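Peer 1: Just the structure for this:
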Amino acid sequence: MRFDVIVIGAGAAGMMCAAQAAARGSHVLLIEHAAKLGERIRISGGGRCNFTNRSVGPANFISNNPHFCRSALARFSERDFIAMVERHGIRYHEKTLGQLFCDESATQITSMLKAACDEGGVQWAHPCAVDSVDRAASGQWRFSVATDQGKFEAGSLVVATGGLALPQIGASPFGYKIAEQFGVPIVKPKPALVPLALAPETLAPLKALSGLSIDAIARCADPQPSFRENILITHRGLSGPAILQVSSYWQAQDNGRQPVRIDLLPDTDAAAWLAANRHSKNTLANLLGEKLPRRFALEWCSLHGWEMPLNEMPTRDVAAAASALKNWSLVPSGTLGYAKAEVTLGGIDTAALSSKTMEATAVPGLYFIGEVVDVTGWLGGYNFQWAWSSGWVAGQFA
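Peer 2: Next up is the predicted model:
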């Protein structure tokens with residue numbers, strides 16, 4: 001069976017691309033190996049799908065080429081997807097930092113995308129396992145896709161197979177294997193938006209803090225961005241939204257062993273505050289209990305041995321406390337891996353793709369979109385927006 005376009009992967013990017021290509025009049029086949037459609041969408045945002053953000057730009061993404069995503073994001077923006085959601089009558093609400101969620105269920109997004117595919121006459125092979133992808137013998141049919149439902153040929157092949165995050169719901173390296181087969185380079189994949197592990201010797205003194213969540217600013221090295229959201233001390237290391245954000249930048253470093261720096265008092269000049277209370281008979285923990293959860297304040301001061309009244313603390317300890325409150329430094333030993341990661345860092349090298357079409361420049365007719373590409377968004381709806389934008393763009397050209 002022959003098609004104008006075959007899309008492998010019916011996730012966010014794949015369904016968007018298939019719907020767009022079909023709307024242009026192309027004969028489209030959409031192949032999905034998983035039994036449940038849109039599982040990644042379903043579980044996102046606590047079942048409500050953080051489908052985009054009010055403000056999306058290249059600065060919200062990590063890539064070896066930070067400008068690559070600019071074209072796609074401009075041509076199909078967050079405003080375009082919001083308009084699509086509104087046309088389909090899906091009610092939504094805004095949470096912190098511009099994050100948009102469905103009022104009812106994430107499955108509404110999947111249903112919207114499937115309806116768009118069906119409206120354009122997209123054919124489905126679902127569930128369907130792909131055995132191999134090869135170049136077709138000749139003519140306009142450039143690619144041959146062998147599956148457990150037979151062999152299909154197409155003039156254009158779009159790879160929307162995602163990354164390695166969440167293998168428990170079907171993530172696989174299949175997209176990278178297709179790239180390697182056709183000589184398309186890959187930036188080494190790593191887990192991103194993922195909790196960070198601490199070595200046993202670092203974690204042991206923090207056990208009393210396990211389960212505590214606080215509002216803080218987290219960052220890696222300058223000039224990387226800092227993130228103000230909650231951090232969470234866990235029995236394995238560090239988590240919470242601010243840490244997940246920082247983890248992508250931490251993983252992007254070659255050595256992967258730089259510290260994560262935490263500002264425990266984002267709204268306070270710690271040195272000035274301690275100086276103003278220098279003659280207090282209160283302990284540092286009691287004073288900190290006014291600004292941080294009391295249990296955290298007590299355990300954190302105990303961890304550092306700062307338990308005497310502030311007016312009795314040596315000047316060097318007061319200075320050290322001020323520094324630590326604004327720049328608490330912890331060196332992660334690694335991440336909790338793809339099983340706990342929300343997305344994948346790295347992927348198809350953008351240097352090998354056209355930013356205007358998502359086509360591999362050296363392989364006419366071969367496109368890569370979504371998470372499989374080396375474009376990784378922040379937490380907060382940015383990765384879904386990349387899926388919508390890159391899928392929409394490829395759908396105009398495939």
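
Peer 1: Could you list the low-pLDDT ranges of the chain?
Peer 2: Where the chain drops to pLDDT under 70, the residues are 254-256.

Peer 1: just checking, what packs against the longest helix seen in it?
Peer 2: Longest helix in the chain, counting residues (DSSP state H): helix 382-397. Helices and strands touching helix 382-397, by 3 or more CB pairs under 8 Å, 6 or more residues apart in numbering; DSSP states H and E, are helix 12-23, strand 50-53, helix 70-75, helix 78-87, strand 376-377. Where C-beta positions appear, they are placed from N, C-alpha and C, glycine not excepted.

Peer 1: Please name whichever of these is nearest to W392.
Peer 2: helix 12-23 (5.5 Å; CB to CB).

Peer 1: related to what we said a few turns ago, redo the helices and strands packed on helix 382-397 as a markdown table? Include mean neighbour count and distance to A320.
Peer 2: As requested, those are exported to a markdown table (neighbours: other CB atoms under 10 Å; distance: least, CB to CB, whole Å):
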| stretch | mean neighbour count | distance to A320 |
| --- | --- | --- |
| helix 12-23 | 28 | 48 |
| strand 50-53 | 26 | 39 |
| helix 70-75 | 17 | 44 |
| helix 78-87 | 16 | 44 |
| strand 376-377 | 26 | 36 |
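
Peer 1: Just tell me which of the ones you listed ends up closest to S156.
Peer 2: Per CB to CB, nearest to S156 of these: helix 12-23, 8.0 Å.

Peer 1: Pull the residues that contact the closest one.
Peer 2: 4-5, 7-8, 10, 28, 30, 32, 38, 40-41, 109-110, 113-114, 116-117, 119-122, 156, 158, 160, 367, 369-371, 384, 386-388, 390-392, 394-396, 398 (CB atoms under 8 Å, 6 or more residues apart in numbering).

Peer 1: and with 7 Å instead?
Peer 2: For helix 12-23, contacts defined as CB atoms under 7 Å, 6 or more residues apart in numbering pick out 5, 7, 28, 30, 41, 113-114, 116-117, 120-122, 158, 160, 369-370, 384, 387-388, 390-392, 394-396, 398.

Peer 1: got it, and stretch 342-351?
Peer 2: Defining contact as CB under 7 Å, 6+ apart, one finds that stretch 342-351 is touched by 62-65, 68, 163-165, 179, 184-193, 244, 248, 251-252, 368, 371-376, 383.
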